[in-house]
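Trainee: What follows is a predicted protein model with its sequence.
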Amino acid sequence: MLLSRPLFTKQSDFAPRALGSGDNEKMRRFTWRDSFSPDLNTSIPGGSASTHRIVLDHAVTREKSSKTKASPLRGGGPDLCTRASISQLAMPRFASLICALSVASAAFSAVACVENTGNSNSSNTTSGTGATGGTGGGGGTGAAGGAAPATAREFFEQKVLPGLLKECGACHEIGGPADAGFLGDPDTNSPAPYDAITQYTGIVVKDAAKSILVVHPNEQSHGGGQAPPIPDDLKAIALEWLKMEAENLPDTTGDLVYTVTPFKPILGGALNTIYLDEIDPTLQYASISFNAKELDDSLLQLKNLEVHPVEGQAVHIIHPLFTVYPPKAAPDPDPVDSFSGVDQIFTLDSPDLSLGTGELIVTNWVKDAYLGIAFELIVNEGGGGPAVGCKDVTKFKNEVVPQMQYCADTCHGGANAQANATMDLSGLNADPPDAACAQVRKRITPGDPGNSQILIVTDPTQQAVHLYKFMGNKNKHAAFKTAVSPWILSEAQ
């Protein structure tokens with residue numbers, strides 16, 4: 001590994017400290033001495049070392065959004081979805097070991113997602129937003145009466161949701177045949193339709209007219225060309241709501257480096273996958289995954305925090321910092337800076353992919369907020385080896401290969417570049433299928449089928465975004481789980 005310049009630190013250098021009590025807003029400041037930077041001229045009085053700071057502005061107080069239950073209305077065509085991705089951000093330079101970082105204290109930039117016809121890569125996402133019925137009626141304006149909606153959530157639930165449930169509900173509720181459950185579960189509110197639709201990639205974006213909710217229904221890929229477009233009146237009211245949501249998106253147009261665009265985490269314990277290629281192209285297909293759950297209105301639990309490189313990558317991460325972006329309020333970093341001591345390198349053959357302790361409790365969470373991740377350093381140092389081999393390739397060949405054949409033929413065998421990179425099944429039919437077995441093994445928890453990604457992302461009842469969920473057929477997913485679980489259990493022995 002080439003070391004461009006060393007950096008000597010001590011723990012106290014990174015300890016956050018608040019500014020004076022007279023300031024209108026508190027700031028979190030990380031300071032370290034860097035004696036080896038020839039390109040920065042700020043000097044410390046009385047010494048030759050440079051001082052660089054990460055300054056993260058955040059307001060002391062936060063407004064919490066009120067809870068609003070979704071309208072218990074029901075509603076009517078099929079589609080597909082893919083992973084939740086992050087949008088484009090200016091590529092940072094990492095010639096210097098540490099760059100200055102400042103977080104703007106205004107609003108956000110959108111999670112920009114590009115809609116295509118069936119394939120996704122590091123900056124493209126394919127999602128389905130089905131609709132049935134013609135361009136005529138549609139219930140787009142929702143229920144009448146009651147107080148005028150004061151928030152974007154209330155506007156959606158009162159005026160947009162009734163029409164969406166009528167036109168799209170039969171396919172796009174969780175467990176529906178479209179495999180894109182962006183309407184959640186209106187019966188149980190777990191997740192509530194508003195939470196599900198605002199967490200779904202590509203729906204709430206900076207330019208409302210480019211939202212997949214209004215664009216995709218008119219495309220040939222929508223339901224294989226069999227699903228009609230969204231009714232005009234519903235489209236109009238949906239656009240009005242999407243513009244309201246766009247105004248609440250975080251603005252990260254400041255001097256951000258080594259960061260992903262703020263995203264709305266999928267809650268309820270669902271699996272979230274955050275791709276890292278927007279930071280630098282050499283991180284293409286690498287990701288961070290976790291399960292997110294609100295413990296209460298101010299506590300967000302992130303469990304199973306893992307970093308997933310692909311073959312050939314060695315992802316070096318120093319000091320990740322999670323920041324909450326409340327609606328219409330300043331960014332608010334993790335007040336205890338939980339991962340300040342993290343300095344890890346992840347390769348595909350790493351025995352443990354946990355980021356830090358693998359769990360984080362965000363104590364400054366705000367309902368309906370976005371979440372951001374910044375890094376003191378994140379870089380692909382290259383040279384990562386292949387995945388760790390399987391313990392029981394014979395069992396994998398006999399019991400798992402037949403179950404994974406459809407995945408290999410449609411996506412993971414090479415038809416979808418991102419799917420192929422994250423779990424390469426191009427060698428599934430080799431004899432023996434050692435390489436494919438090793439690739440699948442990285443997406444399971446040996447000995448624990450219930451916490452294995454290949455079963456979570458394909459579960460029609462789960463909110464995790466994935467291209468294929470057995471078209472909503474719970475029995476087929478159950479059969480898949482039954483077939484592959486013995487191999488998953490054997491890999492722990």
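Mentor: Cool, the structure landed.
Trainee: For Val388, grab the count of nearby residues.
Mentor: By the criterion of other C-beta atoms under 10 Å, Val388 has 14 neighbours. Where you see a C-beta, it was placed from the backbone N, CA and C, and this is true even at glycine.
Trainee: out of everything not next to it in sequence, what's closest to it?
Mentor: Asp349 (5.2 Å; C-beta to C-beta, 6 or more residues apart in numbering).
Trainee: Doesn't that neighbour belong to a strand?
Mentor: No - under DSSP: H, G, I helix; E, B strand; the rest coil, Asp349 sits outside any strand and is assigned coil.
Trainee: Let me know whether it touches Gln439 as I believe.
Mentor: No - between Asp349 and Gln439 no contact is recorded; they are 11.8 Å apart, counting by C-beta atoms under 8 Å.
Trainee: Those two: which has the busier surroundings?
Mentor: Neighbour comparison, Asp349 and Gln439: the larger count goes to Gln439, with 25 against 15 (by other C-beta under 10 Å).
Trainee: so what's that one up against?
Mentor: The contact partners of Gln439, by C-beta atoms under 8 Å, 6 or more residues apart in numbering, come to 387, 423-425.
Trainee: State the helix or strand in which it lies.
Mentor: Assessed by DSSP states H and E, Gln439 sits inside helix 434-441.
Trainee: related to what we said a few turns ago, please identify every residue contacting each of Asp349 and Gln439.
Mentor: Ala387.
Trainee: still on that earlier bit, report pLDDT for the residue nearest to Val388.
Mentor: Confidence at Asp349, expressed as pLDDT, is 87.
Trainee: now swap in the one 3 residues further on and tell me
Mentor: The confidence metric pLDDT takes the value 91 at Asp352.
Trainee: okay, now the domains of the protein?
Mentor: Here the domain assignment for the chain is 11-58+252-380, 112-247, 393-490, based on automatic domain parsing.
Trainee: Quickly compare those and say which is most buried.
Mentor: Of all the domains of the chain, domain 112-247 carries the top mean neighbour count, a mean of 20, counting by mean count of other C-beta atoms under 10 Å.
Trainee: pLDDT (mean, whole number) over that one?
Mentor: The model assigns domain 112-247 a mean pLDDT of 75.
Trainee: likewise stretch 331-346?
Mentor: Averaged across stretch 331-346, pLDDT comes to 95.
Trainee: for stretch 274-284, same thing?
Mentor: pLDDT averaged over stretch 274-284 gives 93.
Trainee: same deal with stretch 289-303?
Mentor: Stretch 289-303 comes out with an average pLDDT of 95.
Trainee: residues making contact with that stretch?
Mentor: For stretch 289-303, using C-beta under 8 Å, 6+ apart, the contacting residues are 64, 265-274, 304-306, 308, 322, 324, 358-367, 371, 453.
Trainee: mind listing which of those residues are in strands?
Mentor: With DSSP state E as the criterion, strands contain 270-274, 304-306, 308, 322, 324, 360-362, 371 from among the contacts of stretch 289-303.
Trainee: re the thing from before, list the residues that contact the residue nearest to Val388.
Mentor: 384-388.
Trainee: distance of the residue lying closest to Lys481 once chain neighbours are set aside from Ala436?
Mentor: Of all residues not flanking Lys481 in the chain, Leu455 sits nearest, at 5.4 Å (C-beta to C-beta, 6+ apart). Plainly put, Leu455 is 17 Å away from Ala436 if you go by C-beta to C-beta, to the nearest Å.
Trainee: All set, thanks.
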